[in-house]
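Enquirer: What follows is a predicted structure for the sequence shown.
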Amino acid sequence: MHSISTLQLARHVNKRRAAAVWMTATLLWAGLGSATESDHEAPPGQAGRPYANMPDVAPIGARLDKYYDIPAEAKGPEIDPAKGYRVEELGKGLYMITDGFYQSVFMVYEAGIVLIDAPPNYAAKIKEAIAGVSDKSITHVIYTHSHADHIAGVTSVITGHPTIIAQEETLRLLKRAADPKRPLPTMTFKDRYTLKVGSQVLELSYPGNGHAPGNTMVYAPAQKTLVFVDVIFPGYMPFRRFGIAQDISGNFAQVKKLDLMPWEKLVTGHVTRIGTHADVKLQAEFDDDIKTAATQAHGSTKFVEGLNPADLGNKWALINDYINRAVVQCVNAMGPKWKTRLAGYDAFIWDQCYAMEQSVRMD
C-alpha cells in the first residue's frame, strides 16, 4: 500500500482545485478508497486524477513553495551588489563579465577591444567593466549566435562602426528578425575564421546546429579559453528543454565533443561561474541517463491506457495522455541520482523529459 501526505499531493496538483477532487486523489493515493467513474470525473479541461506513481517533483504549472537548495558545486564568486557585475581575468588580455546569470567576454589588444556578446541584462555596465581594465574602444564585436538575450544590448555599448562578426546562419536569422537592437553582422564566415588583432588571436568555428543555427565556438588559444554559449550550464541543470536546443541529438554530440578539446576554461554564457571539463563530463552523463530513461519509458508505456472512453476520438488527447505517462516514468527514473547533483533540477526536469521523449520518438 502506497501512502502520500497531503503536502506531497499539493506539489502535484493545483491548490485551487475543488475540495472533492483533492479528497478523492488523496484517498486513492493512500490506498484508502476505491475508484469509480464518478470519483474520477472532473469538468472537461480541468484537472482530475493524478497519473499513477507521480514523482515528488511538482509538474509544470504547479507552483513550488520552496525549490531545492543550490549545491555548493554550482555556486560561483559573489557579485558586488553595488556594481551589479563581476570581471574575471581568464588569461593575458582576456576577461569575462558576468552579473551572476549571463556572461560575456572581451579581449584587449594593442589598438582596441574585441567584445564577445552583449547581454541586455547588464549592457549598461559593459563600458564601465571594460574601462576598469582598459581605456581602448571596441573595434570588433563577435556574436556567438542570434538570440536576443545574448546580443541585444550591443547598440548601447558600441560607438562608431565596429566590425561585427558572426557565422552566416546568424546573419540569416538576424535579417529575418529585423531587430534594430541587433545590428547585422558586417562580416560572416561559414566553417572557420581566425581573427588576428595585434598580438591576440581568436579562432572561430561552427560545429553545426545544436542549440541554434550559427552558434559559434570562439577559442582563445594563448589563454586556453573557449567561449561556447547555451550548451553547458556549469553545476546546473540545463535551461528548459536542453537550453531550448533546436537539435537535441546535435546538442548531445557537441557536449561530448567539448570534452575532447584542449581548452582549460569554458565560458558558457550563463549561470554563476566558468566551466571545467568535469562540468562537461557531468552534463554528458546526465544526457546519457535521460536519453536512456526516456527510451525505456517510451518502450514500456502502452498507448491508450486509463483514458476516459469518451475521449477516444480525440487524437490529441490520445497522444497527450501517452506522452504524460511516459514522462512520469522518465522523471521518476532520473530523480534518485540527479535531484541533488544539479542546481535547478526541480525547475526543469519535467521540461527535459518532455523534450527527450519527443526526441527519442522523432529523431
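Expert: Here it is on my side, so go on.

Enquirer: In three-state terms, label the residue lying closest to D287 once chain neighbours are set aside for me.
Expert: In this structure, D287 finds its nearest non-sequential neighbour in F252, 4.8 Å apart by C-beta to C-beta, 6 or more residues apart in numbering. All C-beta spots, glycine's among them, are computed from the backbone N, C-alpha and C. Classification of F252 using DSSP: H, G, I helix; E, B strand; the rest coil returns helix.

Enquirer: pretty sure F252 contacts F286?
Expert: No: contact criterion C-beta atoms under 8 Å: F252 and F286 do not qualify, at 10.0 Å.

Enquirer: Could you pull up phi and psi at K315?
Expert: phi -60, psi -40 (degrees, to the nearest 10).

Enquirer: Same question for T98.
Expert: Residue torsions, per degrees, to the nearest 10, at T98 are phi -150, psi 150.

Enquirer: I'd say it and R86 touch.
Expert: Yes: counting by C-beta under 8 Å, R86 is a contact partner of T98 at 5.5 Å.

Enquirer: The two: which is more packed in?
Expert: Between T98 and R86, T98 has the larger neighbour count (other C-beta atoms under 10 Å), namely 27 against 18.

Enquirer: residue contacts, the more buried one?
Expert: By C-beta atoms under 8 Å, 6 or more residues apart in numbering, the contact list for T98 reads 76, 79, 85-86, 88, 104, 272.

Enquirer: 6 Å instead?
Expert: Contact analysis of T98 by C-beta atoms under 6 Å, 6 or more residues apart in numbering lists R86.

Enquirer: For it, give its distance to L64.
Expert: 26 Å (C-beta to C-beta, to the nearest Å).

Enquirer: Touching, L115 and I138? I think so.
Expert: Yes: judged on C-beta atoms under 6 Å, L115 makes contact with I138 at a distance of 5.2 Å.

Enquirer: These two: who's more crowded?
Expert: L115 (24 against 21).

Enquirer: which residues touch the strand or helix carrying that one?
Expert: Element membership of L115 [criterion: DSSP states H and E] is strand 112-116. Residues outside strand 112-116 that contact it (C-beta under 6 Å, 6+ apart): 105-107, 130, 136-142, 218, 227.

Enquirer: Just the ones of the residues you listed in helices?
Expert: Of those, the ones assigned to helices by DSSP state H are I130.

Enquirer: Could you give me the PyMOL syntax to select whichever of the contacts of strand 112-116 are buried?
Expert: Of those, the buried ones go into a single PyMOL selection, burial set by 16 or more other C-beta atoms under 10 Å:
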select buried, resi 105+106+107+130+138+139+140+141+142+218+227
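
Enquirer: which parts of the strand holding L115 are buried?
Expert: Neighbour count says strand 112-116 has 112-116 buried, by 16+ other C-beta under 10 Å.
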